[in-house]
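Undergrad: Kindly generate the corresponding structure for this input.
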Amino acid sequence: MKKFYLFIIINLLVLTSLQAKNTNHWVDSQSNLIDISSPFTDVLDHLPLKVVAYPNPTKDRLFIECENPLNSVSVYNLLGQKLKHFHLEGLKKYEFSVSDLPSGTYIITVQSGNQAINQKFTKID
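TA: Here you go, the predicted structure:
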């Protein structure tokens, strides 16, 4: 069943891509060059990173879950100042305290492999 879903994902990625001049590469919709000489690992590295941060809003703890192993999580205020940073080699789920932060809106940056995603969360009292 996993092979079937992988086959569908790869076909959708290929159908929405433009073929580059080099037959071992594809250009995806964001102009990233994808090497298709090893068909599964390279294509899977370019699929969007899916991260869930909950509860949002939160009072004291924030949970982060990702399908891929996490490298790091950082918390920024809206001025772009880094307030917290955690190295998480290989974890897929992580929780941390935000009770020391004042009420407001924050941005978390989650990095997994060579991909990063930003999400907003709100701290309430």
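Undergrad: how does the protein divide into domains?
TA: The chain breaks down into these domains under automatic domain parsing: 2-44, 51-123.
Undergrad: Confirm L49 sits in a strand?
TA: No. Assessed with DSSP: H, G, I helix; E, B strand; the rest coil, L49 is coil; it does not lie in a strand.
Undergrad: residue contacts, it?
TA: Contact partners of L49, counting by CB atoms under 8 Å, 6 or more residues apart in numbering, are C66, E67, N68, V110, S112, Q115, A116, I117. Where C-beta positions appear, they are placed from N, C-alpha and C, glycine not excepted.
Undergrad: can you do 7 Å?
TA: L49 is in contact with C66, N68, S112, Q115, I117, counting by CB atoms under 7 Å, 6 or more residues apart in numbering.
Undergrad: Excluding sequence neighbours, find me the nearest residue to C66.
TA: V51 (4.9 Å; CB to CB, 6 or more residues apart in numbering).
Undergrad: would you list every one of the strands in the chain?
TA: 18-19, 25-27, 33-35, 51-54, 61-76, 82-97, 104-112, 115-123 (DSSP state E).
Undergrad: Pipe these into CSV and attach mean pLDDT and mean neighbour count per row.
TA: Output for the strands of the chain, formatted as CSV (pLDDT from 0 to 100; neighbours: other CB atoms under 10 Å):
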stretch, mean pLDDT, mean neighbour count
strand 18-19, 40, 10
strand 25-27, 45, 17
strand 33-35, 52, 14
strand 51-54, 94, 16
strand 61-76, 95, 18
strand 82-97, 94, 12
strand 104-112, 96, 17
strand 115-123, 95, 15
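Undergrad: bridging residues for the residue nearest to K84 when sequence neighbours are not counted?
TA: Nearest residue to K84, sequence neighbours excluded (CB to CB, 6+ apart): V75, at 4.1 Å. Taking DSSP bridges as the rule, V75 bridges to K84, I108.
Undergrad: Would you list the phi and psi of V98?
TA: Main-chain torsions, V98, degrees, to the nearest 10: phi -120, psi 10.
Undergrad: No further questions, thank you.
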